[in-house]
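Trainee: sequence? don't have it. structure:
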């Protein structure tokens with residue numbers, strides 16, 4: 001079972017997958033590193049005052065990381081979440097009607113409704129992931145859920161959607177199918193594919209927690 005620290009890490013990582021700002025941080029970091037090397041070499045050989053440039057370079061890098069991670073990414077995430085919610089409401093009330101079916105004890109009907117919505121390419125990922133949660137939970141069909149979530153990869157996926165699909169598979173394999181090996185393989189795939197995403201660090205922590213939980217005989221502390 002995925003314990004709360006691991007699940008929390010995965011959820012935070014899923015909100016940090018967008019690549020453009022990660023690329024900005026990577027580029028600035030490369031320039032800061034190169035500038036540091038040049039400044040150190042010049043400072044040691046000819047001009048000691050060049051060493052003062054090192055502090056300035058890393059101050060700029062810290063500022064960029066702070067602004068992108070603490071300000072721009074949350075603002076962008078919030079904006080796109082707002083736009084997505086507006087779009088769903090315009091489409092006819094979002095998923096509230098289907099959720100009501102599930103809450104009232106009709107998970108099979110809700111799952112079928114999600115399957116119908118998944119025929120729309122714009123809603124395929126969201127509807128399939130919601131349906132998978134019902135299949136793996138109250139309908140006790142986790143194998144079917146895993147097959148359907150895996151099937152999403154037969155269509156082109158954005159980076160965010162690919163990330164969400166991967167995290168859903170991690171949960172299915174570890175929590176519902178008792179297959180930690182495949183769960184860890186999926187985590188490694190996400191880490192390798194999105195090494196510059198700010199969530200990569202959280203994914204590595206999640207992978208370490210899963211290894212400890214499954215193979216070291218210990219549980220992550222709450």
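Mentor: That came through fine. Everything numeric here is computed off the predicted structure, so don't read it as measured data. Residues are numbered from 1 along each chain as shown.
Trainee: okay, now residue 202: neighbour count?
Mentor: 21 (other CB atoms under 10 Å). Quick note: C-beta positions are derived from backbone N, CA and C, even for glycine.
Trainee: Now do the end-to-end distance for stretch 147-158.
Mentor: End-to-end distance for stretch 147-158, by CA to CA, to the nearest Å: 20 Å.
Trainee: what's that stretch in contact with?
Mentor: With CB atoms under 8 Å, 6 or more residues apart in numbering as the test, stretch 147-158 has contacts from 121, 124-125, 128-129, 131-132, 135, 161-162, 165, 168-169, 172.
Trainee: What is the nearest of the residues you listed to residue 184?
Mentor: Closest approach to residue 184 among these (CB to CB): residue 169, at 11.3 Å.
Trainee: which SS state does the closest one fall under?
Mentor: helix (DSSP: H, G, I helix; E, B strand; the rest coil).
Trainee: contacting residues around it?
Mentor: Taking CB under 8 Å, 6+ apart, one finds 146, 149, 150, 182, 183, 186 in contact with residue 169.
Trainee: on that earlier part again, can you list the contacts of stretch 147-158 in a markdown table and add pLDDT, distance to residue 211 and secondary structure?
Mentor: Output for the contacts of stretch 147-158, formatted as a markdown table (pLDDT from 0 to 100; distance: CB to CB, whole Å; DSSP: H, G, I helix; E, B strand; the rest coil):
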| residue | pLDDT | distance to residue 211 | secondary structure |
| --- | --- | --- | --- |
| 121 | 94 | 37 | helix |
| 124 | 95 | 33 | helix |
| 125 | 95 | 28 | helix |
| 128 | 97 | 29 | helix |
| 129 | 96 | 25 | helix |
| 131 | 97 | 30 | helix |
| 132 | 96 | 25 | helix |
| 135 | 97 | 27 | helix |
| 161 | 92 | 27 | helix |
| 162 | 92 | 23 | helix |
| 165 | 94 | 22 | helix |
| 168 | 94 | 20 | helix |
| 169 | 95 | 17 | helix |
| 172 | 95 | 18 | helix |
